[in-house]
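A.B. asks: Fold the following for me, if possible:
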Amino acid sequence: MGWFIVTFINPKTDFAFKKIFGSKQSKDILIGFLNAILYEEKPVILDLEILDPYQAPRIKGMKDSYLDVKATITGNKTVIIEMQVLNVLGFEKRVLYNAAKAFSIQLRLGEDYTLLNPVIALTITDFDMFEGNNKVISRYRLKEKDDLTDYSDDIELVFVELPKFNKQLSELETLSDKWLYFLKAANTLTSVPPTMEEVPEINHAFEVARESKLTRKELDVLEKREMFLHDSKNAILKAQQDGEAKGRKQGREEGREEGAKEKALAIARSLLGVLDVQTISQTTGLSVAEVEQLQKETS
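C.D. replies: Predicted coordinates for the structure are as follows:
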């Protein structure tokens with residue numbers, strides 16, 4: 001009997017993340033994951049409906065937005081989920097923008113505001129969002145500035161920062177630990193660990209993530225996304241190094257601003273020919289005119 005190595009796709013790649021958590025066969029996976037991360041492993045979500053993650057604007061002038069996974073859960077709440085590997089310029093504002101849009105587009109013209117249902121924006125990052133804070137999972141909602149009383153829980157922002165999760169396989173204790181380890185390390189494993197295999201939803205997630213289950217076309221898409229992320233990370237790193245060098249040399253605030261601008265331009269250049277102008281503008285924070293100018297310079 002021949003032996004072969006089992007490999008799993010990287011859940012942090014947007015294509016893989018959507019396939020594992022946002023496909024038709026993924027309902028049980030998404031329920032298990034959301035209950036663990038959002039509800040401290042309590043079975044609050046018993047059922048959900050996975051929705052089209054494309055958010056078309058209902059107000060002229062608003063941008064389209066593209067999410068990784070979108071679902072309606074218990075209590076008619078909407079959960080929007082984004083897996084973000086690249087720390088692009090203006091990302092924190094994009095999170096807020098997408099949450100506000102998901103909340104506002106529930107209503108059609110003339111409908112009553114009481115029809116609005118809560119939105120949870122769950123953002124998973126492969127970089128540190130909040131420097132100086134060691135929490136892996138952070139939650140934000142509207143509160144009074146001084147006494148911290150709640151204004152509303154209609155929009156809640158939840159962040160999962162994967163670099164801050166440092167537990168090894170032998171140290172996993174909770175369901176949340178196991179899901180976070182799956183996200184961070186699945187593609188480095190050659191088999192499903194017994195302590196994770198015993199959780200049906202996580203075992204199913206590993207099954208969906210088996211590279212051998214992908215079609216040739218899916219493997220090609222995944223490979224291109226992996227290469228794109230690798231190249232973009234290198235472009236961001238180089239832009240940061242160049243910007244920091246200029247900032248140190250100049251010793252002024254303008255230097256830091258120039259570094260941020262260089263970073264955005266480097267990312268935009270790496271996206272040309274991969275994404276359309278509008279999406280590059282939205283991703284980098286550059287204006288459409290600036291992206292179009294880059295396009296002319298490189299053509």
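A.B. asks: quick one: contacts of stretch 108-121?
C.D. replies: 38, 58, 75-80, 82, 95, 98-99, 102-103, 106-107, 153-158 (CB atoms under 8 Å, 6 or more residues apart in numbering). For every residue, glycine as well, the C-beta is placed using N, CA and C.
A.B. asks: buried set for that stretch?
C.D. replies: P118, V119, I120, A121 (16 or more other CB atoms under 10 Å).
A.B. asks: cool, stretch 131-146 as well?
C.D. replies: V136, I137.
A.B. asks: Tabulate the CA atom coordinates of it in CSV.
C.D. replies: Extracted in CSV, the C-alpha atoms of stretch 131-146 (Å, rounded to 0.1, in the frame of the first residue of the first chain):
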residue,chain,number,x,y,z
GLU,A,131,0.1,47.8,18.9
GLY,A,132,0.7,47.5,22.6
ASN,A,133,-2.4,45.3,23.1
ASN,A,134,-1.8,41.6,23.6
LYS,A,135,-5.4,40.5,23.3
VAL,A,136,-5.9,38.1,20.4
ILE,A,137,-9.6,38.9,20.2
SER,A,138,-10.8,42.5,20.7
ARG,A,139,-14.4,43.8,20.6
TYR,A,140,-15.6,47.3,20.0
ARG,A,141,-19.0,49.0,20.0
LEU,A,142,-20.5,52.4,20.6
LYS,A,143,-20.2,53.7,24.2
GLU,A,144,-20.3,56.9,26.1
LYS,A,145,-16.8,58.4,26.2
ASP,A,146,-16.5,58.9,30.0
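A.B. asks: Could you pull up the mean pLDDT of that stretch?
C.D. replies: Averaged over stretch 131-146, pLDDT sits at 92.
A.B. asks: between the buried residues of stretch 108-121, which is closest to M196?
C.D. replies: Proximity of the buried residues of stretch 108-121 to M196 (CB to CB) peaks at I120, which lies at 25.1 Å.
A.B. asks: so the closest one, which of the three states?
C.D. replies: Here I120 is recorded as strand under DSSP: H, G, I helix; E, B strand; the rest coil.
A.B. asks: quick one on the thing from earlier: what's the PyMOL line that selects buried ones from the contacts of stretch 108-121?
C.D. replies: A single PyMOL command selects the buried members of the contacts of stretch 108-121 (16+ other CB under 10 Å):
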select buried, resi 38+77+78+79+80+82+95+98+99+102+103+155+156+157+158
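A.B. asks: got the buried residues of stretch 108-121 as TSV, with pLDDT and distance to E262 columns?
C.D. replies: Shown next, in TSV, are the buried residues of stretch 108-121 (pLDDT from 0 to 100; distance: CB to CB, whole Å):
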residue	pLDDT	distance to E262
P118	93	39
V119	95	35
I120	96	35
A121	96	29
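A.B. asks: now these in TSV, with distance to L271?
C.D. replies: Formatted as TSV, the buried residues of stretch 108-121 follow (distance: CB to CB, whole Å):
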residue	distance to L271
P118	33
V119	28
I120	29
A121	23
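A.B. asks: now, which of the contacts of stretch 108-121 lie within helices?
C.D. replies: L38, V95, N98, A99, A102, F103 (DSSP state H).
A.B. asks: Which residue ranges of the stretch 101-250 of the chain form helices?
C.D. replies: Here the stretch 101-250 of the chain has its helices, by DSSP state H, counting those that start in this stretch, at 175-185, 194-197, 200-208, 216-250.
A.B. asks: State whether A266 is indeed within a strand.
C.D. replies: No. Counting by three-state DSSP, A266 is not part of a strand but helix.
A.B. asks: That one: how many residues sit nearby?
C.D. replies: 21 (other CB atoms under 10 Å).
A.B. asks: cool, and the one 4 residues further on?
C.D. replies: If you count neighbours by other CB under 10 Å, S270 ends up with 21.
A.B. asks: Report the secondary structure state of it.
C.D. replies: Classification of S270 using three-state DSSP returns helix.
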